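**Q** only the shape, not the letters, is given here:
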């Protein structure tokens, strides 16, 4: 159920995506790096659910829920980052149908962007590993580019600005976490919660996204029929 009943996708012309759990399947890598980091610094790893609840926030913010001091938090960031980059291409996977969905929306004339809490180097690695060319996106905003992170609206608003979108009401943010939904809502855009990432309907439905979808093909159908190029004309 959405917070606006059954909203129409008419008028949308810009789509901003989250990265992890939305465009790329990095859950295995994320959890492996989490477990390694916690075992290294705490001697044991808390349940995976404790880390899943923090996904969508920057790493430096995530580790503060577990570190016992600022120095330990800094050390955890270094340990996590080293493990994450060293194992990235082995553990990251593309989601079936996502690249085709993104390419289709681009062909329809949508402006595309990314707003992620990941650092830029890992963002670029993830896109490359999953066959998503950076050139497809008019804006790519990472944790290196903002000072107020999700669930604040700054990442989404910056992605819109860099994509040339001046009307948030004509944009949608696609993500897989509560932080994504809250950031998009605060930015004044419509929101799509996806269920192919780590969070289920029980987690995302209470956030009342405008749409809750189960597959990339459903996103293509939702936006492709009403997009800027849906009338068959070449987008301007």
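**A** Great, that's in hand. Computed from a prediction, not measured in an experiment: that's the story for all the values here. Numbers count the residues shown, from 1 in each chain.

**Q** show me where this protein has strands.
**A** For the chain, applying DSSP state E gives strands covering 14-17, 24-25, 93-94, 111-115, 139-141, 171-175, 190-194, 211-213.

**Q** centre of the chain to the lengthiest helix in the chain, how far?
**A** Secondary structure of the chain per DSSP state H: the longest helix is helix 70-91. Distance, stretch centre to chain centre, for helix 70-91: 20 Å (CA atoms, centre = their mean, to the nearest Å).

**Q** what do you get for stretch 56-65?
**A** 15 Å.

**Q** same question for stretch 189-204.
**A** Worked out by CA atoms, centre = their mean, stretch 189-204 lies 10 Å from the chain centre.

**Q** what's the mean pLDDT across it?
**A** For stretch 189-204, mean pLDDT rounds to 96.

**Q** what of stretch 32-50?
**A** Rounded mean pLDDT across stretch 32-50 is 97.

**Q** report the buried residues of it.
**A** For stretch 32-50, a neighbour-count test (16 or more other CB atoms under 10 Å) marks 33, 34, 35, 36, 37, 38, 41, 45 as buried. (C-beta placed from N, C-alpha, C; glycine too.)

**Q** could you chop the protein up by domain?
**A** 14-25+94-224, 27-91 (automatic domain parsing).

**Q** now those in a markdown table, with distance to residue 8?
**A** Listed next are these as a markdown table, based on distance: least, CB to CB, whole Å:
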| stretch | distance to residue 8 |
| --- | --- |
| domain 14-25+94-224 | 10 |
| domain 27-91 | 27 |
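
**Q** most tightly surrounded among these?
**A** domain 14-25+94-224 (a mean of 21; mean count of other CB atoms under 10 Å).

**Q** what about that domain, distance to the chain center?
**A** Relative to its chain's centre, domain 14-25+94-224 lies at 5 Å (CA atoms, centre = their mean).

**Q** pull up the distance across it, start to finish.
**A** With CA to CA, to the nearest Å as the measure, the first residue of domain 14-25+94-224 is 12 Å from its last.

**Q** likewise stretch 34-52?
**A** From start residue to end residue, stretch 34-52 stretches across 10 Å - CA to CA.

**Q** now do that stretch: everything it contacts.
**A** Residues outside stretch 34-52 that contact it (CB atoms under 8 Å, 6 or more residues apart in numbering): 30-31, 62-63, 65-67, 72, 75-76, 79-80, 83, 198-199.

**Q** repeat that for stretch 78-88.
**A** Contacts for stretch 78-88 (CB under 8 Å, 6+ apart): 29-30, 32-34, 36-37, 40-41, 59, 63, 119, 121-122, 125-126, 129.

**Q** cool, and stretch 89-109?
**A** 13, 15, 17, 23-26, 28-29, 32, 112, 125-126, 129-132, 136, 196, 215-217, 219-220, 223-224, 227-230, 234-235.

**Q** how about the residue nearest the centre of the chain: what's its closest non-neighbour residue?
**A** Nearest residue to the geometric centre of the chain (CA atoms, centre = their mean): residue 18, 1.6 Å. Using CB to CB, 6 or more residues apart in numbering and skipping the chain neighbours, the partner closest in space to residue 18 is residue 175 (3.6 Å).

**Q** good, wrapping up.
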